[in-house]
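Colleague: Take a look and give me a structure for this.
(chains A and B)
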Amino acid sequence: MLNTKNGKLIAFVLAGIALLVLPLLLQATGSNSWARIVDQALLYVLLALGLNIVVGYAGLLDLGYIAFFAVGAYVYGLLSSPHLAEAFTSIAAAFPDGLHTNIFVAIVIAAVVAGVMGMILGAPTLKLRGDYLAIITLGFGEIVRIFLLNLDRPINITNGPKGLPGVDAPSVFGISFAKPFYVGDYMVEPVTMYYYLFMAFVVAAVILSYRLQDSRIGRAWMAIREDEIAAKAMGLNTRNLKLLAFGMGATFGGVSGVLFASFQRGVYPESFILMESVMVVAMVVLGGIGHIPGVILGALLLAGLPEVLRHVAGPLSQMTDGRLAPEILRQLLIASAMVVVMLIRPKGLWPSPEHGKSLSK
Amino acid sequence: MSEIILKVANVSKRFGGLQALSDVGIEIHRGQVYGLIGPNGAGKTTFFNVLTGLYTPDSGTFELAGKPYKPTAVHEVAKAGIARTFQNIRLFPDMTALENVMVGRHMRTHSGLIGAVFRTSSFKKEEAEIAARAHELLEYVGIGKFADYKSRTLSYGDQRRLEIARALATDPKLIALDEPAAGMNATEKIQLRELIDQIRKDNRTILLIEHDVKLVMGLCDRVTVLDYGKQLSSGTPSEVQNDPKVIEAYLGTGGS
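Modeller: Residues are numbered from 1 along each chain as shown, chains lettered A, B, ... in the order given. Predicted structure coming up:
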């Protein structure tokens, strides 16, 4: 017993060190491309963990989840880019230096706004299940995107298809992420700083997910997923619990939206297309629905795989004298990989263990 | 006479042109096992579903332990104090047996998101209590050793037991069992009978819908017979058994 506990602790510490050193190794390659891919993957992990609350715990298939990501991104975009000051003279007068909201303030605001949005968009769907719920949420996701895309008239709020350029880089403890940071002579690239910031949020999200899972509320969500009528018969107020799940999931989405906007240094509506929603659902399902390590694995794989395949698809396309474009080949490879995984491991790559705690070890 | 736990009267329910229930009423006292029997389509399950809030009745008065309740929402009825099991077992299949029972404690406990996220001391205390009570109930129905098995992996009879444990976890005033013996073999039926007997001995009140007349007659203190949505007869098992109307409904009139 003590040995397995110690073993676990050692593995934990080693993994922690590896995760801390990884970005430094990536930046040592001289190019930022891999570090950027990893940073983006971390954002996807955050999104997938949030969606896992809705889809994995409460069993509500949400195909419009990216809308909350968009809401978070726009919240930070509006609160930190010069756009609002340019569009409204009153704001320009009130904040002559621009809004430049601190990212942590924006995260709190975005979490609340996205959470409330999640509940508002969840409310009309409460009586729907499965396919019907998926279609409705898909529609809502598109509505939010189209809304943001067209909200430049009559009052220019979102700047429409032009998006919001010039979003502030985050500043943590007075350290700006806009330029490299020097520890003595050692230079830390901004991508590396973003990595640590995102990793901190991912760790928090993982802890939060586990704590929710092993709680009265988490069990209630799972009961609804397993059998809604039986859950009601146990006195569960399924309406409130579902709204809570929608809200909680959306909060994760909103937070990662803020991080995304600060990372891209801009917010553009084409980042929030349906394909992104589908991708996040695919991460959750592929990894192992409702199982946190599986969901993380799914997110990392699906976020990283396209980039790896980019290197494979190039030579393959040359072999066919360029008749197969790399972009198409890449999609073909991803799709085939997913089909194969679903055939071989229908419950996901790393599904929940078969039995409870005392039996799994 | 002991305290009246459930008192319902004049319950009617119509589905389109079909009068599924007309003027049904029963009265259950504390510590009783009350049987509800009747041929197929007699309205037993409809009555049961009305009682537990799944269907909204057209008329009727409902009283639980002296307090009137409205059977309009399933979870409200559960909160009022009626816990039920299902004819075609409805557990939470991918959750462990223990977790199933723990869900039953949900509405008698209070910790919310904040407690869960920050693991407050009151949260931890409540979690421990929930788990302890759930273990106790699993032992009570005799499946303690399967606590950490996913409920779908349990045998049929054990799944029925688990459903009863889950219902007991809600601290119900009345436990309503919908055909608990359906699909059980003879041994399982005897064991079920012992369990129901045990629950009664612990001064709990049970409403039992059952097809198996032998089980009902051997177990119940009082029985109501439904036929075509009407109350055909009520009384002690032996009274009901000798009621000519009941005999007619079950065996038909001698035509020749």
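Colleague: per-residue confidence for residue A:155?
Modeller: pLDDT recorded at residue A:155 is 88.
Colleague: Distance check, it against chain B.
Modeller: Between residue A:155 and chain B the computed distance is 36 Å (C-beta to the nearest C-beta, to the nearest Å). Any C-beta I mention is one placed from the backbone N, CA and C, and that applies to glycine too.
Colleague: residue contacts, that residue?
Modeller: residue A:87 (C-beta atoms under 8 Å, 6 or more residues apart in numbering or on different chains).
Colleague: Shouldn't it be within a strand?
Modeller: No. Applying DSSP: H, G, I helix; E, B strand; the rest coil, one finds residue A:155 to be coil, outside a strand.
Colleague: Looking at residue B:27 now. What's its pLDDT?
Modeller: Confidence score, pLDDT, at residue B:27: 94.
Colleague: Tell me the secondary structure at it.
Modeller: Assigned with three-state DSSP, residue B:27 falls in the strand class.
Colleague: now it, which residues is it bridged with?
Modeller: Assessed by DSSP bridges, residue B:27 has beta-bridge partners residue B:7.
Colleague: Now for it: which residues touch it?
Modeller: Neighbour list for residue B:27: B:4, B:6-8 [criterion: C-beta under 8 Å, 6+ apart].
Colleague: now do residue B:60
Modeller: By C-beta under 8 Å, 6+ apart, residue B:60 lies in contact with B:8-12, B:25, B:50.
Colleague: Specify which member of these is nearest to residue B:33.
Modeller: residue B:8 (17.0 Å; C-beta to C-beta).
Colleague: Mind telling me what element the residue nearest to that closest one when sequence neighbours are not counted is part of?
Modeller: Taking C-beta to C-beta, 6 or more residues apart in numbering or on different chains, and ignoring the residues beside it in sequence, residue B:8 has residue B:62 as its nearest neighbour in space, at 5.1 Å. Residue B:62 is part of strand B:59-64 when elements are defined by DSSP states H and E.
Colleague: before we move on, the earlier item: closest to chain A out of the contacts of residue B:60?
Modeller: Comparing these against chain A with C-beta to the nearest C-beta places residue B:50 closest, at 13.9 Å.
Colleague: Who does the strand holding residue B:62 pair with, and is each partner parallel or antiparallel?
Modeller: Its sheet considered, strand B:59-64 pairs with strand B:4-15 (antiparallel), strand B:67-68 (antiparallel) by DSSP bridges.
Colleague: residues in the stretch 201-350 of chain A within reach of chain B, list them.
Modeller: Counting by C-beta under 8 Å from any C-beta of the partner chain, the residues of the stretch 201-350 of chain A close to chain B are A:208, A:211-212, A:214-220, A:222-223, A:226-227, A:229-238, A:244, A:248.
Colleague: Quick check: which ranges of chain A have low pLDDT?
Modeller: Residues of chain A meeting the criterion pLDDT under 70: A:1-3, A:356-361.
Colleague: rewinding a little: mind checking pLDDT for the residue nearest to residue B:8?
Modeller: Looking at residue B:62, its pLDDT stands at 94.
Colleague: Now do the same contact list for it.
Modeller: B:7-8, B:51, B:68-71.
Colleague: Roughly how far does the most centrally placed residue in chain A sit from residue A:184?
Modeller: In chain A, the centroid-proximal residue (C-alpha atoms, centre = their mean) is residue A:47; its distance is 1.9 Å. Residue A:47 is 36 Å from residue A:184, where distance means C-beta to C-beta, to the nearest Å.
Colleague: If we ignore the residues flanking it in sequence, what's nearest residue A:337?
Modeller: Residue nearest to residue A:337 in three dimensions, not counting chain neighbours: residue A:305, with 7.0 Å by C-beta to C-beta, 6+ apart.
Colleague: Make sure that neighbour is indeed in a strand.
Modeller: No. According to three-state DSSP, residue A:305 belongs to no strand; its state is helix.
Colleague: I'd assumed residue A:335 was in contact with it.
Modeller: No. Using C-beta atoms under 8 Å, residue A:305 makes no contact with residue A:335, being 11.1 Å away.
Colleague: Tell me which of those two has more neighbours.
Modeller: Set residue A:305 next to residue A:335 and count neighbours by other C-beta atoms under 10 Å in any protein chain shown: residue A:305 wins out with 16 against 10.
Colleague: Give me the distance between the more buried one and residue A:315.
Modeller: 17 Å.
Colleague: do the same with residue A:128
Modeller: 47 Å.
Colleague: do residue A:335 as well
Modeller: The gap separating residue A:335 from residue A:315 is 19 Å, by C-beta to C-beta.
Colleague: wait, what's in contact with the residue lying farthest from the centre of chain A?
Modeller: The centre of chain A is farthest from one residue, residue A:321, which by C-alpha atoms, centre = their mean lies 37.7 Å away. Listed by C-beta under 8 Å, 6+ apart, the contact set of residue A:321 is empty.
Colleague: One more: residue A:289?
Modeller: Contacts of residue A:289 (C-beta under 8 Å, 6+ apart): A:52, A:55-56, A:295, A:347-348, A:351.
Colleague: tell me the SS of it?
Modeller: Per three-state DSSP, residue A:289 ends up coil.
Colleague: The stretch 151-256 of chain B against chain A: which residues are in contact?
Modeller: B:153, B:166, B:170.
Colleague: mind listing which of these are in helices?
Modeller: Those of those mapping onto helices are residue B:166, per DSSP state H.
Colleague: what about stretch B:32-48, how long is it end to end?
Modeller: 17 Å (C-alpha to C-alpha, to the nearest Å).
Colleague: Can you mark which positions in it are buried?
Modeller: B:32-38, B:42-48 (16 or more other C-beta atoms under 10 Å in any protein chain shown).
Colleague: Redo these as CSV? Include secondary structure.
Modeller: Formatted as CSV, the buried residues of stretch B:32-48 follow (three-state DSSP):
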residue, secondary structure
B:32, coil
B:33, strand
B:34, strand
B:35, strand
B:36, strand
B:37, strand
B:38, coil
B:42, coil
B:43, coil
B:44, helix
B:45, helix
B:46, helix
B:47, helix
B:48, helix
